[in-house]
Structure formats: C-alpha cells, structure tokens
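> take a look and give me a structure for this.
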Amino acid sequence: MAGSVTSGPAAALTRRTIAGKSVVSFESHHYALLPWSEWRQEVGHPMRLLSIDYHTDTNDAFQAYGCYARNPTPFGSRPFWEQDQADRLAQLSAADAASVEAAVRDLRHDEHIDAAIRCGILDTAFILGHGTGGVSDELPLDRMVLLGDRKSRWGDDAERRFRDEIIEAGFLQERLGQAVEICRAAGTSDPLAVPFILDIDLDAFNTRRAIAPHDPGVFHDLIRRAYAITIAQEPGCVETCQIEGEGLTAPWLEKQLMVHIQRALS
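I've put the predicted structure just below:
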C-alpha cells in the first residue's frame, strides 16, 4: 500500500507498507525524524539506526538555527548563538509529536541524527558510506558511530570499485563487524540487537553497479531484520555525488531500491 499524509511537514512523506513492513520516503533527509519518532513510540524505548549515506549527517542539532535564529548573520558572528541552539533543542521531546513536527521546520538535512539521539528517539546510530569523515574506534559520547576504513584509494578505477560496493555483502559485513566490536568493547548489546531502523540516502549510490550488487544477500537480510525503513531521496545530492557519466536520478534509484525491498520481503 502507498499513500501520504495531507497537512504540515508530514505531507512530504510517502508511506508504503510492504509485506507488513513500513517504508517511508521523503525528499530532505531531516524529515526522517517524523517516522522515527512514531516508531519509537510504538516500541516504547529508543531505537538503533543503521544509516547508509554518502555523507555522515553528524552536525549538531539546530546548529544552523542557533546561528540564524535572530538575524541572518554568518556562523559565529554574534554572541549567544549556542544558547539559542540549546533553547531550541529543549523544546524537542520524543513523546510530543507536535514538537517533532516543529523541529523538522528548524532542522537542516545533516542535523537530524543528533537531534534524534539527544531527545531519546534513537539510542545509537551506526553510519556507513563513502563520505565518512573518519572512523570510530570506540563508542563516542555523541553515540554516532562512523563505520569506514582508512584505506588509500588512488586512481579512478580504485575509486569506482569502492563506490560500486556500498551494498555488496563483503562491504556491509566488514562494516557491521566493526560495529559489533565497538559495542562489545563498550559493554553494550550488539548493534542490531535493539529494534533498528534501516535508513538509506539515495546519494549513497554513485554508480549503476552500486544499486545492482553482485551479492545483495547481507543487504536483503538487513531489510528483513529492520523494524522499518526510511529513504531520503535528496535529488540534488544524487546529482552531485554520482560518478560522472552514470546518469543517475533519485526517482530511478528509488525504483531500483524498491525492487530490492520487495525481493527481500517476498
């Protein structure tokens, strides 16, 4: 089934139910906060997030709001912007749907994960992708775990092979193995032991091969195990992050992704 709500920020969501699993898509990634908060209320406790993205989306919640709340001046050009940021964060509650909807209006597309963790929608986020700015060796205080590697990739061929791998079984197994080690070292449960949301930004797919992996087995298993799935279309980022000549668009990628979801759940 498919459909969308009719008013407010929630009107930007397209909701589907596939084999009993909720799949919600939207254009801007920070709109994910809306379905995440709903699912958190359903399970009754903070959830985990596994996010597949080109970018890490780990900016502080309401950072931009804090800088521009009173006047459109550049970052850091006026005093007390951090207080405006903190005051805005204090208005967000995981248990208050109206506060979550209001937050979406003031967040930017790279601030939603921190917002969700700070207000108790999420417990921990595991983020993997090509643009991972660093690699986590332990569970950080902000509970946003960056899964990546420090390998050097010289030349166009090596970079293309790397971009092709985003949902290949070997790529995902290696990243999930890192997450398991970090959680065990921190004395917490395995990364996917708590009900988790599978979050996919379409800009993670930079080649046509990336959305058509040789071995999608691990990816399909994640689809089956996830409590629910969110899809950020981010058409502008799809355009700028892809390898030249691939001709990728967000609608085409979403169509291919839906094929994976339907196959995994059939």
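> what about Q178, which helix or strand?
helix 169-185 (DSSP states H and E).
> dig out what the residue nearest the centre of the chain forms beta bridges with.
By Cα atoms, centre = their mean, the mean C-alpha position of the chain lies nearest to S51, the distance being 3.9 Å. Note on S51: beta-bridge partners I127, D199, judged by DSSP bridges.
> the helices in the chain, which residues?
All helices of the chain, identified by DSSP state H, fall at 33-43, 63-68, 81-90, 97-106, 112-118, 156-164, 169-185, 217-225, 235-241, 250-265.
> A250 versus R224, what's the distance?
With the distance defined as Cβ to Cβ, to the nearest Å, R224 ends up 25 Å from A250. From N, CA and C alone the C-beta is placed, and that goes for glycine too.
> again with E181
34 Å.
> of the two, who's got more company?
The neighbour comparison of E181 against A250 (other Cβ atoms under 10 Å) goes to A250, with 21 against 13.
> re the thing from before, what score does the residue nearest to the centre of the chain have for pLDDT?
On pLDDT, S51 comes in at 96.
> list the buried residues for stretch 193-211?
For stretch 193-211, the buried set under the neighbour-count rule, 16 or more other Cβ atoms under 10 Å, comprises 194-211.
> so how far is that stretch off the chain centroid?
Distance of stretch 193-211 from the chain centroid (Cα atoms, centre = their mean, to the nearest Å) equals 8 Å.
> ok, P195 touching Y227?
Yes: contact criterion Cβ atoms under 8 Å: P195 and Y227 qualify, at 4.3 Å.
> overlap in contacts, those two.
Taking Cβ atoms under 8 Å, 6 or more residues apart in numbering as the criterion, P195 and Y227 both touch 39, 43, 47.
> save these as TSV, and put in pLDDT too.
Formatted as TSV, the shared contacts of P195 and Y227 follow (pLDDT from 0 to 100):
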residue	pLDDT
W39	98
V43	97
M47	97
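> filter these down to the buried ones.
Buried subset of the shared contacts of P195 and Y227 (neighbour count, 16+ other Cβ under 10 Å): 39, 47.
> turn the shared contacts of P195 and Y227 into JSON lines, including distance to D142.
Output for the shared contacts of P195 and Y227, formatted as JSON lines (distance: Cβ to Cβ, whole Å):
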{"residue": "W39", "distance to D142": "21"}
{"residue": "V43", "distance to D142": "22"}
{"residue": "M47", "distance to D142": "16"}
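> ok, so of the shared contacts of P195 and Y227, who is nearest V259?
Using Cβ to Cβ, W39 comes nearest to V259 of the shared contacts of P195 and Y227, at 23.6 Å.
> just give the number of residues close to the closest residue to the closest one other than its chain neighbours.
With Cβ to Cβ, 6 or more residues apart in numbering as the criterion, W39 has its nearest non-adjacent residue at 5.3 Å, and that residue is A228. Per other Cβ under 10 Å, the neighbour tally for A228 reads 21.
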